[in-house]
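Trainee: Here's my sequence, what's the structure:
(one chain, ligands or ions: 3)
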Amino acid sequence: MLNQEQPEIPKPLDQLTPEEITRKACIGKLMTHTLKNLTDTYINKGFQWLLPVVLSQSTDPLWPDPHLSIEKRIEFEIYGKPVRTTTSMIMHKLAATSTVYPKLFILSPNIRIEKAERAKTGRHIYEFTQLDFEMVNASSKDVFTLVEEALITLIKNLKQDLKPELTTLGRLNDLKVPNTPFKIYDRTDLETKYGVDNWEADLINDLKEPAWITNIPRQFYDFEDFKTGRWDNYDLLLPQFGEVLSGSKRENDYQKIIKKIERDQVKKENYMRIIEMAKDGRLKPTAGAGIGIERLVGWIAGVKHIAECQPFPRAPGNVNEL
Ligand code: ATP
Ligand code: ASP
Ligand code: MG
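Mentor: Numbering: from 1, shown residues only. Ligands and ions are numbered 1, 2, ... in the order given. Next comes the predicted model:
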């Protein structure tokens with residue numbers, strides 16, 4: 001996930017040179033068209049568009065975290081109750097798909113106060129947006145097919161509709177429409193080939209096309225087969241860039257959820273709605289994922305730092321007035 005050269009921290013709007021303003025405006029158009037294109041795809045496939053929330057008692061624990069990457073968790077009290085700023089809307093997606101909205105997506109603002117040193121990856125910002133989607137009775141394969149189709153359509157349309165902008169950014173020829181289906185790698189095979197610590201960075205360098213990685217140990221809400229130890233989850237990696245999406249088939253079995261929450265030493269009291277739904281058999285089998293929008297547009301635009309895709313950059317360790 002590390003960018004090889006250390007990228008410069010993108011500047012606030014009022015400090016941009018005329019050339020940088022031109023570049024920023026081109027990236028802005030890529031962002032607008034990407035949002036329009038992706039939301040159209042999801043709406044056309046029958047997904048409902050939910051508005052996001054930013055304060056909840058329950059948010060993504062982001063734990064276990066192999067990189068120990070979060071510097072600070074934001075929690076405070078309102079109306080006598082503790083709330084946290086949204087790290088991801090995974091819990092809301094599970095409750096919403098199981099009740100009223102069987103296919104949904106949200107453009108969800110996520111706040112993750114990444115360690116300041118992560119500014120140098122060029123792939124982390126402390127406020128970002130996921131196109132977070134979820135569907136009932138879906139498999140990993142269904143998610144792969146949907147995302148591949150969405151990305152192919154997006155890149156084809158951008159190459160057709162935004163030629164001048166992609167030319168200015170030097171990306172018109174380099175940005176290729178990927179071949180489908182994307183390759184699928186099992187994380188254990190990659191560990192054997194590249195080593196346990198290096199597989200992600202090495203694979204990203206070797207990739208020529210986007211690729212799926214499956215079977216990654218992580219949060220309690222991802223499905224784990226207790227018999228085989230295999231996780232039915234996935235990341236999408238982009239060549240020379242890194243991860244742009246994470247998701248999974250979900251865990252909806254009460255006993256397994258409890259076991260995993262206890263194993264991870266996550267606070268059960270923050271997840272009572274989901275636990276209760278699972279206990280009553282009301283948590284449906286779903287699958288979904290979240291696409292990091294600034295990362296996706298950053299890859300398309302060929303930026304060194306994804307904060308370049310933000311009008312108001314949020315690079316770790318850097319707080320601007322706006
Ligand atoms: P990484 O390992 O790259 O730090 P992650 O696996 O911790 O990311 P997830 O929890 O999987 O991130 O978040 C879902 C998606 O949101 C990621 O695939 C990525 O596209 C995006 N994302 C996560 N963290 C950030 C961040 N700090 N800045 C920008 N986008 C992010
Ligand atoms: N959006 C992710 C998912 O759907 C959760 C995350 O943000 O890690 O699994
Ligand atoms: Mg991830």
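Trainee: who's in contact with the closest residue to ligand 2 within the stretch 201-322 of the chain?
Mentor: Nearest residue of the stretch 201-322 of the chain to ligand 2 (Cβ to the nearest ligand atom) works out as Gly290 at 2.6 Å. The way it works is simple: take the backbone N, C-alpha and C, and place the C-beta from them, glycine included. The contact partners of Gly290, taken as Cβ atoms under 8 Å, 6 or more residues apart in numbering, are 88, 90, 108, 130-133, 245-247.
Trainee: In three-state terms, label it for me.
Mentor: Three-state secondary structure (criterion: DSSP: H, G, I helix; E, B strand; the rest coil) places Gly290 in strand.
Trainee: ok so, going back, and which of the contacts of Gly290 is nearest Lys72?
Mentor: For the contacts of Gly290, the minimum distance to Lys72 (Cβ to Cβ) is 16.6 Å, reached by Ser88.
Trainee: Looks like that closest one contacts Pro109 (just checking).
Mentor: No: between Ser88 and Pro109 no contact is recorded; they are 10.2 Å apart, counting by Cβ atoms under 8 Å.
Trainee: And those two? Which one has more around it.
Mentor: A count of neighbours by other Cβ atoms under 10 Å puts Ser88 above the other of Ser88 and Pro109, at 21 against 15.
Trainee: quick one on the thing from earlier: can you say which of the contacts of Gly290 are buried?
Mentor: 88, 90, 108, 130-133, 245-247 (16 or more other Cβ atoms under 10 Å).
Trainee: any chance of these in a markdown table, plus secondary structure?
Mentor: Output for those, formatted as a markdown table (three-state DSSP):
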| residue | secondary structure |
| --- | --- |
| Ser88 | coil |
| Ile90 | helix |
| Ser108 | strand |
| Gln130 | strand |
| Leu131 | strand |
| Asp132 | strand |
| Phe133 | strand |
| Leu245 | strand |
| Ser246 | strand |
| Gly247 | strand |
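Trainee: check those residues against ligand 1, which are close?
Mentor: Intersecting the buried ones among the contacts of Gly290 with the surroundings of ligand 1, defined as Cβ under 6 Å from any ligand atom, gives 130, 245-246.
Trainee: interface residues of the protein facing ligand 1?
Mentor: Residues of the chain lying near ligand 1 by Cβ under 6 Å from any ligand atom: 1, 69, 112, 114, 123-125, 128, 130, 243-246, 290, 292, 294-295.
Trainee: Quick one, which of these are buried?
Mentor: 69, 112, 114, 123-125, 128, 130, 243-246, 290, 292, 294-295.
Trainee: By pLDDT, rank those and give me the bottom one.
Mentor: Across those, the member with the lowest pLDDT is Ser69, scoring 94.
Trainee: That one and Arg118 touch, don't they?
Mentor: Yes: in terms of Cβ under 8 Å, Ser69 counts as a neighbour of Arg118; the distance is 6.4 Å.
Trainee: Now do the same contact list for the residue nearest to Lys93 when sequence neighbours are not counted.
Mentor: The spatially closest residue to Lys93, leaving aside those adjacent along the chain, is Glu134, at 4.0 Å (Cβ to Cβ, 6 or more residues apart in numbering). Contacts for Glu134 (Cβ under 8 Å, 6+ apart) come out as 93-94, 96-97, 103-105, 286-288.
Trainee: same thing but at 7 Å, please
Mentor: For Glu134, the residues meeting the contact criterion (Cβ atoms under 7 Å, 6 or more residues apart in numbering) are 93, 97, 104, 286, 288.
Trainee: Against ligand 1, how distant is the fourth one?
Mentor: Just to be clear, that refers to Thr286. Here Thr286 is placed at a distance of 16 Å from ligand 1 (Cβ to the nearest ligand atom, to the nearest Å).
Trainee: interface residues of the protein facing ligand 2?
Mentor: 60, 88, 90, 130, 132, 246-248, 288-290.
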